[in-house]
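Colleague: have a look at this fold, sequence not included:
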């Protein structure tokens, strides 16, 4: 009989549905779950933006001439386009029906990560996902006295491959990029693949449980992943323009 | 007290260490584990290439002039470079110390996916990962009478973001690209993010358990992921050159 060598659990929590701008403390809610040392808490960025009040109302936005023109070209609403431009540090690529930008945070993604799903309004990415992750981790650890990791996740498309996958835009308490240089393989050879985007893999892992539609699971606990504690950040995963041969 | 809404298990199996070219039936070994309907079996491509005898010996390879020159330029061995070129349909990008190609299968990755870790020799990707996945799934289902999915996984780097993540290069029995167009979000709005690369997310999920070094876990079972059955293929995830704005 074949044995189990390792088992990781990915647990989607049953939370109330938040509409946005609620006065709730997410860490307190998550801390009601019996967390263990080493657990990794993955939170969908949508929920963070909602609870940080980072949802914009269409009527409050005055689109510029540039936004109006681009919106027309790409079949978007001018107000949404204005937010996309406001969130962008640089436009990376514009096509017939898409716009890919580098956001203020440094993420390269469609529409500057601006989204209208699962919210009432126009939702940019959280202002500072690493800070949000750090804050929530601190609060959870204070309440529970357990050492956990926190990841704020998003779904993004990518070159070369179809479909969106989960990535980590905010990280706290664990490594984001795991450098395994110098470690040995099964036959004692030094590893070739040295840098693992472990926080992105954990975000994809959580995404399988979160879903993308009306599953209503914005918080997932990953148990027993054995990821090293450390001062990882979501920004550790950003490849700078200068180092990126595809920009 | 907060409740669990969903729980997915990611189980790494304890297997013997294979050196390559062993005469074993992988499906028979995996089928010893008490599989359930809906389980997804993720197998590292390294193991597939090993068991399919797709490991090349340096002394059997005669590097061309082109391979010798490129090898010198990139600091690689000429024989390895020859295999990289043999596996490539097209060179996508060459830099000071890297080569990114489109493989015969259509995957865009460094070194045509050719690797020397965890094997004794030079290891190209499996010849036809979708066929390998299909074959193993058929054998597992025949033995166990359970309906399972099979994914053959690899680790790849990507533009815009640092570090490698797991992706699915072979798929059988489940959807690879999950089109959620027309589904509704929590507030009844139609979804914007419509295509989920679910097989890539599952491969990343498995990668967390497999590790990259000497963990010795080349086979992972994902239980309760609730991914739709279907005729998905690894090649469904390939974005054709013509549709890829970053090529």
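Modeller: Received the coordinates, thanks. Keep in mind it's a predicted model, so treat the numbers as computed, not measured.
Colleague: can you tell me how far residue A:6 is from residue B:14?
Modeller: 9 Å (C-beta to C-beta, to the nearest Å). Heads up, the C-betas are built off the backbone N, CA and C, glycines and all.
Colleague: buried sites along the helix ranked longest in chain A?
Modeller: Determined from DSSP state H, the single longest helix within chain A is helix A:129-144. Neighbour counts over helix A:129-144 (16 or more other C-beta atoms under 10 Å in any protein chain shown) mark A:129-130, A:132-137, A:139-141, A:144 as buried.
Colleague: helix/strand/coil for the residue positioned nearest the centre of chain A?
Modeller: Closest residue to the average C-alpha location of chain A: residue A:153 at 2.1 Å, with C-alpha atoms, centre = their mean. With DSSP: H, G, I helix; E, B strand; the rest coil as the basis, residue A:153 sits in strand.
Colleague: nearest residue to it in space, please, no chain neighbours.
Modeller: Computed as C-beta to C-beta, 6 or more residues apart in numbering or on different chains, the closest residue to residue A:153 that is not its neighbour in sequence is residue A:203, at 3.8 Å.
Colleague: tell me which element that neighbour falls in.
Modeller: Using DSSP states H and E, residue A:203 sits within helix A:198-210.
Colleague: on that earlier part again, who has more neighbours out of residue A:6 and residue B:14?
Modeller: Between residue A:6 and residue B:14, counted using other C-beta atoms under 10 Å in any protein chain shown, residue A:6 has the larger neighbour count: 19 against 13.
Colleague: what sits against the more buried one?
Modeller: Applying C-beta atoms under 8 Å, 6 or more residues apart in numbering or on different chains to residue A:6 gives the contacts A:224, A:226, B:11-12, B:209, B:215, B:217.
Colleague: secondary structure class for the residue nearest to residue A:62 when sequence neighbours are not counted?
Modeller: Spatially, and ignoring its direct neighbours in sequence, residue A:62 is nearest to residue A:82 (7.4 Å; C-beta to C-beta, 6+ apart). Under three-state DSSP, residue A:82 falls in the helix class.
Colleague: got the angle for the helix holding residue A:203 vs helix A:129-144?
Modeller: 70 degrees (axes from the mean of the first three to the mean of the last three C-alpha atoms, to 10 degrees).
Colleague: quick one: helix A:198-210 to chain centroid distance?
Modeller: 9 Å (C-alpha atoms, centre = their mean, to the nearest Å).
Colleague: and residue A:213, what pLDDT?
Modeller: Looking at residue A:213, its pLDDT reads 64.
Colleague: where do the strands sit along chain A?
Modeller: For chain A, applying DSSP state E gives strands covering A:3-14, A:40-44, A:88-94, A:99-103, A:108-110, A:149-156, A:165-172, A:178-179, A:195-196, A:219-223.
Colleague: coming back round to it: now do the contacts for the residue nearest to residue A:153.
Modeller: Contacts of residue A:203 were listed using C-beta under 8 Å, 6+ apart, and they are A:42, A:151, A:153-154, A:166-168.
Colleague: give me the distance between it and residue A:41.
Modeller: Plainly put, residue A:203 is 12 Å away from residue A:41 if you go by C-beta to C-beta.
Colleague: next one: residue A:47
Modeller: 12 Å.
Colleague: these two: who's more crowded?
Modeller: More crowded of residue A:47 and residue A:41, by other C-beta under 10 Å: residue A:41, with 27 against 21.
Colleague: just give the nearest non-adjacent residue to residue A:162, would you?
Modeller: Nearest residue to residue A:162, sequence neighbours excluded (C-beta to C-beta, 6+ apart): residue B:239, at 5.0 Å.
Colleague: ok, that neighbour touching residue A:157?
Modeller: No. Counting by C-beta atoms under 8 Å, residue B:239 stays clear of residue A:157, with 9.2 Å between them.
Colleague: OK, contacts around residue A:126?
Modeller: By C-beta under 8 Å, 6+ apart, the contact set of residue A:126 is A:45, A:48-49, A:52, A:54, A:132, A:152, A:169-170.
Colleague: which residue packs closest to it, ignoring adjacent ones?
Modeller: In space, residue A:126 is closest to residue A:48, 4.4 Å off (C-beta to C-beta, 6+ apart).
Colleague: residue A:155 too?
Modeller: The shortest distance from residue A:155 to any non-neighbouring residue, by C-beta to C-beta, 6+ apart, is to residue A:164 (4.3 Å).
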